[in-house]
Structures are given as structure tokens and as C-alpha cells.
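Participant: only geometry, no sequence info:
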């Protein structure tokens with residue numbers, strides 16, 4: 001969803017919490033919430049040039065979707081929303097990307113620690 005960028009961070013968080021609670025109260029489970037932050041829109045929407053982007057992934061029964069979309073439509077602070085169904089293959093691919101990123105971050109952290117350690121050893125030998 002894209003939320004009005006003029007809202008304060010606390011207001012954005014309460015909006016996210018409201019939708020998260022809607023999903024959980026109706027038998028769903030929110031798996032992740034990615035806050036992309038304030039960004040410039042590709043084109044003007046409702047006389048706004050910027051929005052706060054939020055991606056909420058959830059596993060839920062299909063009857064939640066119409067309720068959620070109705071809430072998005074009625075909420076004046078939600079500028080745009082998009083609901084998509086992610087199949088099992090896409091979920092596996094997303095999990096693989098996350099695993100790869102964690103592994104890569106771990107490697108770079110170890111490389112940084114090794115470089116710092118070798119630098120200290122070099123200084124001590126001199």
C-alpha cells in the first residue's frame with residue numbers, strides 16, 4: 001500500500017498496526033512488513049507527489065481479502081493499494097533470496113573482522 005506521506009511516523013505505524021490486526025483477527029498471519037519509506041510517486045495521485053510505501057505479506061484465508069480491500073478504499077490515508085496472490089514457488093524464491101542475503105551479509109562481516117584482525121597483527125609485527 002502507499003500511504004499519505006504527510007503523516008507522522010507514529011500515525012503510519014498505527015495505520016500499519018490496524019491492518020495487521022485486521023488480518024490476525026480474521027484468522028490470518030502477517031509474515032513480514034517491509035517499510036520502504038517515503039518516496040516520490042511516478043505520477044501524481046490525489047494531488048500528491050510522494051507517498052510512504054509499505055509491503056505487508058500475510059498468509060490468510062481468502063475471505064479476508066475483500067474486507068481488507070474495502071478498508072483500503074474507505075481509508076483516506078491510503079493513496080493506493082495492490083493485493084496479489086503469491087504462489088508457493090514465489091514464496092520459495094523469496095525465502096531463497098533472504099537466505100542468500102543473510103549469508104552474504106555474514107560473509108562480509110567475517111571479511112571485515114578478518115581485515116581488522118590482520119591489520120592489528122601487521123601493526124604488532126612492525
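Facilitator: Okay, I see it. The shown structure was predicted, so the numbers you read here are calculated from the model rather than taken from an experiment.
Participant: what residue ranges in the protein score low on pLDDT?
Facilitator: 94, 110-126 (pLDDT under 70).
Participant: Can you point out the buried residues in the lengthiest strand in it?
Facilitator: When the chain is parsed with DSSP state E, its longest strand is strand 29-45. Going by neighbour count (16 or more other C-beta atoms under 10 Å), the buried part of strand 29-45 is 30, 41. C-betas here are computed from N, CA, C, even on glycine.
Participant: Which residues does that strand contact?
Facilitator: With C-beta atoms under 8 Å, 6 or more residues apart in numbering as the test, strand 29-45 has contacts from 2, 5, 12, 16, 20, 23-24, 48-60, 79-80.
Participant: cool, and stretch 4-12?
Facilitator: 3, 15, 35, 38, 48, 50-52, 54, 76-79.
Participant: and which of these is nearest to residue 70?
Facilitator: residue 78 (11.3 Å; C-beta to C-beta).
Participant: Noted, bye for now.
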